[in-house]
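1. Give the three-dimensional model of this entry:
(2 chains)
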2 protein chains.
Amino acid sequence: MKFETKYVRYKKLVDDYLQEFIVEKKPASIYQPIRYVLAGGGKRIRPVLVLLSCEAVGGRGKDALHAAAGIEVLHNFTLVHDDIMDNAASRRGRATVHTKWDQNVAILVGDELLAFAYRALLKTRSPRIQEIAKIFTEGVVEVCEGQGYDKEFETSLAVKVKDYLLMIRKKTGKMVTVATEIGGLIGGANAKELRALSKYGQHVGRAFQLQDDLLDIIGDEKKFGKTVGGDIVEGKKTFLLLEALRRATGRDRQLLLSIFRNKGAAKESVGEVRDIYHRTGAIQATMRRVKQDITRANNELHHLRPTPARAMLFWFTEMLLHRSY
Amino acid sequence: MKFETKYVRYKKLVDDYLQEFIVEKKPASIYQPIRYVLAGGGKRIRPVLVLLSCEAVGGRGKDALHAAAGIEVLHNFTLVHDDIMDNAASRRGRATVHTKWDQNVAILVGDELLAFAYRALLKTRSPRIQEIAKIFTEGVVEVCEGQGYDKEFETSLAVKVKDYLLMIRKKTGKMVTVATEIGGLIGGANAKELRALSKYGQHVGRAFQLQDDLLDIIGDEKKFGKTVGGDIVEGKKTFLLLEALRRATGRDRQLLLSIFRNKGAAKESVGEVRDIYHRTGAIQATMRRVKQDITRANNELHHLRPTPARAMLFWFTEMLLHRSY
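-> Just a heads-up that it's a prediction; the model follows:
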């Protein structure tokens, strides 16, 4: 079977689980939006990684399904609350919860989703459940820290590349690592396998976020689902901006600094900024980093026995590299 | 030793734990307010109940300290988020997080506190840790549902006494039950003891909330720490209002209905409403209910062996009944 087909199948396992997961109906002010959120789709990258990591160490994927769903619900909790904080009106082409309902509802719905994330996770049968729940919890701690840094950076004039890398490690990367580690633990990984899966997650998580930054500049608007150049317009301190700033001189540097300081640029400037990103080598540098992380991620997989799941993890990494969405 | 002195000692165990609990410092935008919240004091009723319930079934209180702290941190998470939703400017005589910092900070701080609640809980060493974590999680689910109902009731014209009782069972009562159940589980309770502790928690939790409603009307403003009559001014659909509405006729009923419908009354009406609460027997009815719950709570304690912890639980129940704060 083609990997793509298999991926769709894994994804469907998660989608089906989430659709039947919550039986509660009242209070409707909470449960209607919760159903809305969980039906919103998404790439389901984290839960599929849980399932694959479990299988890649010899476990049965279905034993990790609760945990996989838990990680996806957790991810959705972060989206609902982040959307409030970021004043985001839409997500995946649909109105955000605080826009469609109101902000109080969105706060409460996020909280409830976090509880449901634990509900799913804690259905897992594993002798290592306490360790699993601890890893999950430290993931939540770091995701919140990451968002905290992200908000701090919006008004800080001292953000450097290394700060950005710390922020995305916490905000995006950590939960990818949690996914691979938990999958491995449920699958009965030994210490060596667990370390390999953990590092695999670290590299993939970072590559994924850097690729996201790249796609904002060079992506296909239709496939990406976001307006190209949005990060520039919003003045987001992405890897690209910080890296270009480190390299640029003269007028280029002045333009980047004004985006950096004034938190954004006019839509008309996107093309010019993109040129600067090319000219300074920031785009090349980012691509290099992504490729490096992908290589390192794949190297970690060599510590695992060859299985169909491992083959699929190799494919998964490549897919992330070549995705245009 | 006097019970009061013992209570102060238990409380101090929790306060000391919380003071040293969080070692993280950055991002400061999150950790400064988190320290502020955890240093804010409070009666620490829930964590003390965890410790006492553990000891009342023959366990060592210190084995339950992580869980006790976890329940208190969880409680603080609900306060931070509820204060946003309720637009509350102060709590325990100090500015609320969203007032002192801003709303985004308060959302994130609440989320992080929920994660830290699990961090503390999951340090517990118990063969029943998975069951404990599940009970804790269902507590979070219901607390959110309770808050959801509470917000729905603000604009609903169909709220009845039974709806109110459902709401407080979830919003206030559940976590008291969770406290006694988790304490019991850590202490190694058998099925009979666990059932007794659970029911004890249910009755105490409800009595506590109804007593809170009463104190708003007949409490000592200085000791209570809130403005007497605040519920009436805000038009909160308390047990008293709903019970009085059920009983009142003529002009009395018209006044209560206007509070019910218009979400509040002028400060000057508080005295008149209090008179109606007396006249209709609503205050007597509430007191009767509180006493009934206290009696039932104590009856449950008779299912436990006589221990110093059980004696203290008896005292604890009485204290709740006679408190004026």
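2. wouldn't A:E318 be in contact with A:A297 here?
-> No. Applying C-beta atoms under 8 Å as the test, A:E318 and A:A297 come out as separate, 10.0 Å apart. Every residue, glycine included, has its C-beta placed from N, CA and C.
3. Kindly tell me how buried A:V8 is, as a neighbour count.
-> The number of residues packed near A:V8 is 11, by other C-beta atoms under 10 Å in any protein chain shown.
4. Next: A:K199.
-> A:K199 - counted by other C-beta under 10 Å - has 18 other residues nearby.
5. Over to the one 10 residues further on?
-> The local packing of A:Q209 (other C-beta under 10 Å) involves 23 other residues.
6. Helix or strand: which one has it?
-> Element membership for A:Q209 (DSSP states H and E) is helix A:191-218.
7. which stretches of chain A aren't confidently modelled?
-> Applying pLDDT under 70 to chain A flags the ranges A:1, A:221-226, A:324-325.
8. Packing partners of the helix holding A:Q209?
-> Other helices and strands packing on helix A:191-218, by 3 or more C-beta pairs under 8 Å, 6 or more residues apart in numbering or on different chains; DSSP states H and E, are helix A:45-56, helix A:161-168, helix A:174-186, helix A:230-234, helix A:239-247, helix A:270-279, helix A:282-301, helix A:308-322.
9. looking at those, which is closest to chain B?
-> Chain B sits nearest to helix A:161-168 of all the helices and strands packed on helix A:191-218, at 9.0 Å, using C-beta to the nearest C-beta.
10. do the closest one and chain B meet?
-> No. Helix A:161-168 lies apart from chain B when judged by C-beta under 8 Å from any C-beta of the partner chain; the minimum separation is 9.0 Å.
11. For the helix or strand where A:I132 lies, which residues meet the burial criterion?
-> Using DSSP H and E, the element containing A:I132 is helix A:129-155. For helix A:129-155, a neighbour-count test (16 or more other C-beta atoms under 10 Å in any protein chain shown) marks A:129-130, A:132-133, A:135-153 as buried.
12. ok and that helix relative to helix A:191-218, angle-wise?
-> 30 degrees (axes from the mean of the first three to the mean of the last three C-alpha atoms, to 10 degrees).
13. what residues does the stretch 1-150 of chain A put near chain B?
-> A:24, A:26-30, A:77, A:81, A:84-85, A:104, A:107-108, A:110-112, A:114-116, A:118-119, A:122, A:129-130, A:133-134, A:137-138, A:140-141, A:144-145, A:147-149.
14. by how many degrees do the helix holding A:I132 and helix A:174-186 diverge?
-> In terms of direction (the same axes, to 10 degrees), helix A:129-155 departs from helix A:174-186 by 170 degrees.
15. Figure out how far helix A:129-155 is from the centre of its chain.
-> Relative to the chain's own centre, helix A:129-155 is displaced by 12 Å; criterion: C-alpha atoms, centre = their mean, to the nearest Å.
16. can you check stretch A:108-128 too?
-> With C-alpha atoms, centre = their mean, you get 19 Å for stretch A:108-128.
17. in the helix holding A:Q209, what's buried?
-> Going by 16+ other C-beta under 10 Å, helix A:191-218 has these buried residues: A:193-194, A:196-218.
18. Contacts only, for the closest residue to A:R92 other than its chain neighbours.
-> Spatial nearest neighbour of A:R92, chain neighbours left out: A:G40 (5.6 Å); criterion: C-beta to C-beta, 6 or more residues apart in numbering or on different chains. For A:G40, the contacting residues are A:76, A:91-92, A:94, by C-beta atoms under 8 Å, 6 or more residues apart in numbering or on different chains.
19. next one: A:V228
-> Taking C-beta under 8 Å, 6+ apart as the contact definition, A:V228 lies against A:216-219, A:221, A:270.
20. Compare A:E318 and A:A297 (neighbour count), which wins?
-> A:A297 (26 against 13).
21. What residues does the closest residue to the more buried one other than its chain neighbours make contact with?
-> The shortest distance from A:A297 to any non-neighbouring residue, by C-beta to C-beta, 6+ apart, is to A:H203 (3.8 Å). A:H203 makes contacts with A:293-294, A:296-297, A:300, as judged by C-beta under 8 Å, 6+ apart.
22. how close does A:H203 get to chain B?
-> 24 Å (C-beta to the nearest C-beta, to the nearest Å).
23. Can you give me the distance of the residue of chain A most remote from its centre to A:I276?
-> Distance from the centre of chain A peaks at A:G250, with 35.4 Å (C-alpha atoms, centre = their mean). Going from A:G250 to A:I276 by C-beta to C-beta, to the nearest Å gives 11 Å.
24. Same check on A:T238?
-> To A:I276, A:T238 is 13 Å away according to C-beta to C-beta.
25. Now rank the contacts of A:G40 by neighbours and give me the top one.
-> Most neighbours among these, by other C-beta under 10 Å: A:N76, with 24 neighbours.
26. in stretch A:292-301, what counts as buried?
-> Residues A:293-294, A:296-298, A:300-301 are the ones in stretch A:292-301 that count as buried (16+ other C-beta under 10 Å).
27. Quick one: residues in contact with that stretch.
-> With C-beta under 8 Å, 6+ apart as the test, stretch A:292-301 has contacts from A:56, A:196-197, A:199-200, A:203-204, A:206-207, A:210, A:310, A:313-314, A:317-318, A:320-321.
28. Quickly list the domain ranges of chain A.
-> A:1-189, A:190-325 (automatic domain parsing).
29. Just name the most buried of those.
-> Each of the domains of chain A was scored by mean neighbour count; the highest is domain A:1-189, a mean of 20, by mean count of other C-beta atoms under 10 Å in any protein chain shown.
30. of all of the stretch 201-325 of chain A, which residue lies closest to chain B?
-> Ranked by C-beta to the nearest C-beta, the top residue of the stretch 201-325 of chain A for proximity to chain B is A:K237, at 14.5 Å.
31. which residues touch that residue?
-> Here A:K237 is in contact with A:153-154, A:159, A:164, A:260 (C-beta under 8 Å, 6+ apart).
32. Apart from its neighbours in sequence, what residue is nearest A:E318?
-> Nearest non-adjacent residue to A:E318, counting by C-beta to C-beta, 6+ apart: A:I294, 7.4 Å away.
33. wait, A:A120 sits on A:F21?
-> Yes. Taking contacts as C-beta under 8 Å, A:A120 lies within contact range of A:F21: 6.6 Å.
34. which residues are in contact with both of the two?
-> With C-beta under 8 Å, 6+ apart as the test, A:A120 and A:F21 both reach A:69, A:73.
35. separation between the closest residue to A:D213 other than its chain neighbours and A:D231?
-> Spatial nearest neighbour of A:D213, excluding adjacent residues (C-beta to C-beta, 6+ apart): A:T238 at 4.4 Å. In this view, A:T238 and A:D231 are 5 Å apart by C-beta to C-beta.
36. Ok, A:M312 next?
-> Here A:M312 is placed at a distance of 31 Å from A:D231 (C-beta to C-beta).
37. Tell me who's in contact with A:E181.
-> Counting by C-beta under 8 Å, 6+ apart, A:E181 touches A:53, A:135, A:194, A:197-198, A:201.
38. Apologies, that question was intended for A:P306.
-> A:P306 makes contact with no residue, according to C-beta under 8 Å, 6+ apart.
39. which SS state does it fall under?
-> Put simply, A:P306 is coil when judged by DSSP: H, G, I helix; E, B strand; the rest coil.
40. for A:R9, same thing?
-> Once three-state DSSP is applied, A:R9 turns out helix.
41. The one 4 residues further on now?
-> When the structure is split into helix, strand and coil by three-state DSSP, A:L13 lands in helix.
42. Looks like it contacts A:V50 (just checking).
-> No. With contact defined as C-beta under 8 Å, A:L13 does not reach A:V50; the gap is 10.7 Å.
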